[in-house]
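[1] below are the sequence and a predicted model; questions follow.
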Amino acid sequence: MHPSSLGQSMPGTSRRAVLRGLGGAALLGAGIPLLSACGGSGTSSDPKTVTLGSNASDAVPKKAFAGVYAAFEKESGITVDVNTKDHNTFQEQINSYLQGTPDDVFNWFAGYRMQFFAAKGLADPIDDVWEKIGGNFPDAMKKLSKGEDGKYYFVPLTTYPWAVFYRKSVFAQYGYQVPTTWDQLVALCKQMKKDKLVPIAFGDKDAWPAMGTFDQINFRTNGYDFHVELMAGKASWTDAKVKAAFDHWAELLPYHQEGSLGRTWQDAAQTLVSKKAGMYLLGTFVAQQFTNKADLDDLDFFAFPEIDPAYGQDTVEAPTDGFMMSKAPKNRAGAVKLLEYLGTPAAEELYLKADPSVVAASRKADTAAYSTLQKKAFEMIAGAESLTQFMDRDSRPDFTSTVMQPALQKFVRDPKGVDSLLSSIERQKKTIFASS
Amino acid sequence: MNTDTLVKSPEVAAEPSRGASSNGRVPQGHRRLLTRRDRLTLGLMAGLPTILHVALVWVTALASIALAFTTWDGIGFDAITWVGFDNFKELFTNNPQFWPAVQHNIIWFVALILIPTPLGLLLAVQLDKQIRFSRVYQTAFFLPVVMSLAVIGFVWQLIYNPDTGLINSLIGANEPGHYIDWIGDPDLNLWAILIAASWRHAGYMMILYLAGLKGVDPSLREASALDGANEWQTFKNVIFPTLRPTNTVVLVVTIIEALRAFDLVFVFNKGAEGTELLSILVTNNIIGESSRIGYGSAIAVVLLVISLAVIIPYLIATFRKERQA
């Protein structure tokens, strides 16, 4: 579920969604708001029910959320009416969904893509909820939950970090040390190549994994603030700083697994499972590929090494999932109660008990039941000075899917053409960010 | 005489019934003939499909054309901004995927005409000879056509997967050093996917040609045999010229296939490096949470213009032929 939530700008689209898209720009764009405008008024609100639009269509999170809502119903006497849609379809339709008759509360992601809908007036500010739950979250999470206007729009529930994964046994066998600086990383890659290992497993067939690599190298090279400005379309892609980040990447590329554009992340992860690869930069969901318990226990990770000492390892990429309130909810009082409940450590603990592939966004949630990997992930996030989401959550999704995904694939294949690539990105960025 | 009226335009064909109804007093008789209920039924039968057709085909097509001159993220009608030809300017000068996409659509057409079409004709000619197990072969070659292209995409992934796929596993090309990336390498992936597309298209062509060959008058073959023509001469001088109408259908079908190419590529690698197609660019820009509907429409308009450029000459030729007949 998590990997798909990353690649959603252009995910494995359902056939129906594809046909709908081809069916005509006008029908999709113009027809749906019209239809929804008709249905908007009639329904009377029931003070004892809160409706919730859910993208948790996969079995594990669906069941985990059901448990959370049941506990809330018991506590408050308010029924949660859940309307679950296929994960990818939910994302593709979010635009027309929010303009139509959305549910009171809906699943969404932190970062720019939350701020985008907030700025469009399609979500309600929930500062009143945060008055109650504010104490449960670290500052980095608070920063993530605010819109551009400084108001809160988002209640985070779960998160997971991106890091460099490796096998403890492989490192022990060859006597490798965890690298903490760029030079150590490059030296380690060289050594692994000598030892006939693939230094860094890599698969970019789905076009989003390369974004994760760029994020790491960019905020290590240029710092969190510059990364945010770049993602928000403010900084220029032709800036020497961006070039420096790509130069670092080009230095590391020869140590990446060959033929990455034809490989999915799952296949790349298999080279780590089979100990053919030494390292793999991905989110913690890589653990899903470790089906054998002994292999899973052997899995460990470290934060991406420091590139510029001025920034150290202060930034962690941690995509965060949670909830938002739609504009003009039918039962606002009930929705506020639900969001307050979802912001409590109790709700997170309940969720994590059923879905241990992520960690809690709250710092107060009980970590006693966590696996070693989860504990480490939790500490990494809690200790971070700044959190980023992921390129397609930190920037306009239309920009990342139509410009950045193909551009990064081009770079991975031909790192020498970076200069013309960057000016092409910058030209396209300008028109996209100027358009609305 | 009878057939003559049928071929004529609809107004002419409708005439006899009008005349027959009331010996010349056309208007009143016509009115009396239909009760109110009849008219309502007729109105519904003709009106509903018309409304649906206009709304779903014409309005949407025209709206797409109009939207191509705007920028719109799909949120609220007041967000539509008129930008004139900016989208097209951007598309032609600034989009690194656009020209490759046009080029690939053309390659797609040329490849489909050059590889699977002759192959389909060859298969059809062979199967037409009533060889043993002819039905079995027919079914085998036609089977891919029955499958959805998306399914074909999945099947060929199992063959092309660079790590675990059939080809690389057989020839050992999944090791570092001599690695063949069928899906990711832009010099390879278009051809890899065209082979998959051809695999399906050949069966389609075969069925069309088989149908055409069934229509060839056996006496023609007999006559050429009597004249002492060998098999190739018979085919070249007698059979192939009679397949002319089939060839037109084949050409049109192949053009349509080339322009609508989408599902196979989308499953294969989502139109990434090396396999860009116009249809995929349209989808990429229109589907999503904050879509570029104006820009996507502009690409759709380009696709529409190309389709029209191909279809209009064909229609003109067809109608001219009909008028002559």
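    Yes, it's here.
[2] going forward, measure contacts and count neighbours with C-alpha atoms only.
    OK.
[3] okay, now the unreliable bits of the chain?
    With no chain named, the answer covers chain A. Chain A contains residues with pLDDT under 70 at A:1-45, A:436.
[4] please go with chain B instead
    Scanning chain B for pLDDT under 70 picks out B:1-32, B:290, B:325.
[5] next one: A:S424 from A:K143, what distance?
    Distance, A:S424 to A:K143, by CA to CA, to the nearest Å: 32 Å.
[6] identify the residues contacting residue 180.
    Just so you know, I chose chain A. With contact taken as CA atoms under 8 Å, 6 or more residues apart in numbering or on different chains, A:T180 is in contact with A:303-306.
[7] not quite, I wanted chain B
    For B:I180, the contact set (CA under 8 Å, 6+ apart) comprises A:259, B:162, B:168, B:173-174.
[8] mind listing what's buried along whichever helix or strand B:Y209 is part of?
    If you go by DSSP states H and E, B:Y209 is part of helix B:189-214. Going by neighbour count (16 or more other CA atoms under 10 Å in any protein chain shown), the buried part of helix B:189-214 is B:189-210, B:212-213.
[9] where along the chain do the strands fall?
    Going with chain A. For chain A, the strands defined by DSSP state E cover A:49-54, A:79-84, A:105-109, A:155-159, A:162-167, A:198-201, A:277-283, A:299-302, A:315-317, A:320-325, A:359-360, A:386-388.
[10] could you do chain B instead?
    Assigned by DSSP E, the strands in chain B fall at B:70-71, B:81-82, B:174-175, B:178-179.
[11] need the winner for burial among those strands.
    Among the strands of chain B, strand B:70-71 has the highest mean neighbour count (mean count of other CA atoms under 10 Å in any protein chain shown), at a mean of 26.
[12] of A:S424 and A:K143, which one has the most company?
    Under the neighbour definition other CA atoms under 10 Å in any protein chain shown, A:S424 and A:K143 were set side by side, and A:S424 has more, 18 against 15.
[13] for that one, which non-adjacent residue is closest in space?
    Spatial nearest neighbour of A:S424, excluding adjacent residues (CA to CA, 6 or more residues apart in numbering or on different chains): B:N94 at 7.1 Å.
[14] that neighbour - how many residues pack around it?
    A count of nearby residues for B:N94, using other CA under 10 Å, gives 16.
[15] tell me the contacts of it?
    When contacts are counted by CA under 8 Å, 6+ apart, B:N94 is found next to A:424, A:427-428.
[16] now A:L157: how far from chain B?
    If you measure A:L157 against chain B using CA to the nearest CA, to the nearest Å, the figure is 21 Å.
[17] correct me, but that residue touches A:V358?
    No. The pair A:L157 and A:V358 does not pass the contact test of CA atoms under 8 Å, sitting 9.9 Å apart.
[18] what parts of the stretch 101-250 of chain B come near chain A?
    Contact residues, the stretch 101-250 of chain B versus chain A (CA under 8 Å from any CA of the partner chain): B:161-163, B:176, B:179-185.
[19] in the residues you listed, find the pair that's most separated.
    Using CA to CA, the two most remote members of those are B:P176 and B:I183, lying 16.1 Å apart.
[20] which of these two has more residues huddled nearby?
    The residue with more neighbours, out of B:P176 and B:I183, is B:I183; 29 against 13, by other CA under 10 Å.
[21] tell me who's in contact with the closest residue to the more buried one other than its chain neighbours.
    Nearest residue to B:I183 in three dimensions, chain neighbours excluded: A:G262, at 4.6 Å (CA to CA, 6+ apart). By CA under 8 Å, 6+ apart, the contact list for A:G262 reads A:203-205, B:161-162, B:181-185, B:269.
[22] the longest helix seen in chain B and chain A, any residue contact?
    If you go by DSSP state H, chain B has its longest helix at helix B:293-324. Yes. Counting by CA under 8 Å from any CA, chain A is contacted by helix B:293-324 at B:293, B:296-297.
[23] could those go into a markdown table alongside distance to B:I256?
    Formatted as a markdown table, the residues of helix B:293-324 next to chain A follow (distance: CA to CA, whole Å):
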| residue | distance to B:I256 |
| --- | --- |
| B:I293 | 24 |
| B:G296 | 20 |
| B:S297 | 20 |
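[24] count the neighbours of the residue of the stretch 1-150 of chain A found nearest chain B for me.
    Of all residues in the stretch 1-150 of chain A, A:E92 sits closest to chain B, at 4.3 Å by CA to the nearest CA. The tally of other residues near A:E92 (other CA under 10 Å) stands at 24.
[25] residues contacting the residue nearest to B:M205 when sequence neighbours are not counted?
    Using CA to CA, 6+ apart and skipping residues adjacent in sequence, the residue nearest B:M205 is B:G120, 4.8 Å away. B:G120 sits next to B:201-207, B:209 when contact means CA under 8 Å, 6+ apart.
[26] where do the helices sit along the stretch 1-150 of chain A?
    For the stretch 1-150 of chain A, helices defined by DSSP state H, counting those that start in this stretch occupy the ranges A:2-6, A:15-22, A:25-26, A:32-39, A:59-76, A:87-99, A:112-119, A:127-133, A:139-144.
[27] ok, and for the fifth one, which residues are buried?
    The one in question is helix A:59-76. Neighbour counts over helix A:59-76 (16+ other CA under 10 Å) mark A:61-62, A:64-65, A:67-69, A:71-73 as buried.
[28] tally of neighbours for the closest residue to chain A within the stretch 201-325 of chain B?
    Taking CA to the nearest CA, chain A has its nearest neighbour within the stretch 201-325 of chain B at B:G288, 4.3 Å off. Neighbour count for B:G288, taken as other CA under 10 Å: 29.
[29] what's the burial count for whatever residue of the stretch 101-250 of chain A ends up closest to chain B?
    Nearest residue of the stretch 101-250 of chain A to chain B: A:K205, at 6.6 Å (CA to the nearest CA). Residues near A:K205, counting by other CA under 10 Å, number 22.
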